[in-house]
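> pasting the sequence and the predicted coordinates here, then a few questions.
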Amino acid sequence: MPRAQRLLDLLQMLRLHRYPVTGTALAAELGVSLRTLYRDIAALQQQGAQIEGAPGLGYLLRPGFTLPPLMFTEDEIEALVLGSRWVADRGDERLAAAARHALAKIAAVLPSPLRATLDDTALLIGPGTSQAAADPHLPAIRQAIRGERKLQLRYCDLKGDESERVIWPFALGFFDQTRVVVGWCELRQGFRHFRADRIRALTPCEQRYPGRRQALLKAWRESQGIAAQ
């Protein structure tokens, strides 16, 4: 493997780890010796990558170091295009627009050969139903999740009964036919799932919910037996 590609692969590995990872594990994944790995770490640090750690302790890449456009492989570009097209076709109006804008920004900085790959990809999104009209509350839900703020809902269940709920939203699931809000329900004192198309009214609250979104997501996954991604 060319050294330039190996350095990019090493950066990508480090970006995938939220906690320090040992040099032994990194070297094994790259298929190089520890000595080579140490040299590569030093080379990346000289180029500005904020890699903290030392031999025997593990390494961690701090946020803020950006990779050049050349990091994208053809497979990665196809994945970006496919995902963005799905969101542009299935997402609410704001999310769909964001997907299109993101693709345009990526195309603007890609070298010509890779830009041609982005333009000419043959991976298509099949027919589907846009959820923009059915789920008008999605932008407000996403904003509440980002801000870790409570939501007051008027919700209609499967039987057609309506109830007032205050929830702590921390995740939003995208399925082919529906969108599902995952949150802690103050009324039921437990985790609950709310179909976005059954939310009759929604009022964002200024009050932040206690705890952090990541902690709630972890607890919910454990309660559902879902492995962390």
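On my side now, so go ahead.

> show me what contacts the residue nearest to residue 162 when sequence neighbours are not counted?
For residue 162, ignoring the flanking residues on the chain, the nearest one in space by C-beta to C-beta, 6 or more residues apart in numbering is residue 156 at 5.0 Å. C-betas here are computed from N, CA, C, even on glycine. When contacts are counted by C-beta atoms under 8 Å, 6 or more residues apart in numbering, residue 156 touches 162, 198, 199, 200.

> which one of these is nearest residue 33?
Nearest to residue 33 among these, counting by C-beta to C-beta, is residue 199 at 56.3 Å.

> residues contacting that closest one?
137, 153, 154, 155, 156, 181.

> which other residues reach the helix or strand hosting residue 38?
Residue 38 belongs to helix 34-46 when assigned by DSSP states H and E. Contacting residues not belonging to helix 34-46 are listed as 3, 6-7, 10-11, 23-24, 26-27, 30, 32, 51, 55, 59 [C-beta under 8 Å, 6+ apart].

> the residues you listed in strands, which ones?
Using DSSP state E, the subset of those located in strands is 51, 59.

> in this structure, which spans are strands?
Going by DSSP E, the chain shows strands at 51-54, 58-61, 149-156, 162-174, 179-185, 190-195, 199-208.

> need those in JSON lines with mean pLDDT and distance to residue 41, can you?
Compiled in JSON lines, these are given as follows (pLDDT from 0 to 100; distance: least, C-beta to C-beta, whole Å):
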{"stretch": "strand 51-54", "mean pLDDT": "86", "distance to residue 41": "6"}
{"stretch": "strand 58-61", "mean pLDDT": "90", "distance to residue 41": "6"}
{"stretch": "strand 149-156", "mean pLDDT": "96", "distance to residue 41": "40"}
{"stretch": "strand 162-174", "mean pLDDT": "95", "distance to residue 41": "35"}
{"stretch": "strand 179-185", "mean pLDDT": "96", "distance to residue 41": "38"}
{"stretch": "strand 190-195", "mean pLDDT": "96", "distance to residue 41": "41"}
{"stretch": "strand 199-208", "mean pLDDT": "95", "distance to residue 41": "39"}
